[in-house]
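**Q** just need the structure, nothing else, for what follows:
(one chain, ligands or ions: 1)
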Amino acid sequence: MTLRTLQWAVFLTFCTLPGSGEPMTAGACTAPVSVYTHFEQAYSEPLLENMKEEVRSIMAPIGLELQWRTLDAHAPTGLSSELAVVSFKGKCRMDDLLLPSVNSGNLGWSYALEGHVSPFSDVDCDRVRQFINPSVLHAKWVDRDAILGRALGRVLAHELYHIFADSKRHARVGLAKAFFSPRDLVSDHFTLEERDAETLRNGKLHGVLEQAASFPSCP
Ligand SMILES: [Zn+2]
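**A** Got it, this is the predicted structure:
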């Protein structure tokens, strides 16, 4: 296999975590599906907004709207039907021109708990930016952060797929595939395959999505 044909992995690493959290419900209206984020190091706001927009765009076909909350300043608050907790490792900014080249490794991973996929994921910003750096070298600085945000959104969406589908399954194509290329992460368009959308609709979010469809006027 040549370097050109190498593909990169978004592996799931399954570890055992102590304890478990029960999903909460909110009566007649659907409580939000929340994503709690924690950044180990500084990040740019444009990057964060691009990452959120990319996840929103990927999940739009199933009618999923996420509420984003930070763990950086507060303990988890509010009511959530389902949640995910994501820790971003390393530096989430594209302000280095020269980065070490990497050709393998985990871009993101989730954890298994008592036979299910837990709501906890990690995303490795250092590895993702090293991974896409050759593809963004000629972009403007402001665009480089936006592109990294898009790439992180796709890695995060992959982990959210595992969490909300409660599935360790990988596919050959689409959001569920185990190996992403740099092009997969930086290309202009990324589409949720119908098969992956159906898996998500039948997973942990099944009740939430049905309730949201029944009460479209709920906040
Ligand atoms: Zn995976």
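
**Q** which residues in the protein form strands?
**A** Counting by DSSP state E, residue ranges of the strands within the chain are 8-9, 33-39, 66-70, 82-89, 108-113, 116-124, 179-180.

**Q** out of those, which gets nearest to A212?
**A** Within these, the stretch nearest A212 is strand 33-39; the backing value is 9.3 Å (CB to CB). The way it works is simple: take the backbone N, C-alpha and C, and place the C-beta from them, glycine included.

**Q** what helices and strands are in contact with the closest one?
**A** Secondary-structure packing of strand 33-39 (3 or more CB pairs under 8 Å, 6 or more residues apart in numbering; DSSP states H and E): strand 66-70, strand 82-89.

**Q** list the contacts for E40?
**A** Shown in contact with E40 (CB atoms under 8 Å, 6 or more residues apart in numbering): 87-90.

**Q** make a PyMOL selection of the buried ones in the residues you listed.
**A** Buried members of those, defined by 16 or more other CB atoms under 10 Å, are picked up in PyMOL with:
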select buried, resi 88+89+90
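
**Q** dump the contacts of E40 to CSV, plus distance to T70 and pLDDT.
**A** Listed next are the contacts of E40 as CSV, based on distance: CB to CB, whole Å; pLDDT from 0 to 100:
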residue, distance to T70, pLDDT
S87, 12, 97
F88, 11, 97
K89, 16, 96
G90, 18, 94
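
**Q** spatially, which two of the contacts of E40 are the most separated?
**A** Farthest-apart pair in those is S87 and G90; separation 10.5 Å (CB to CB).
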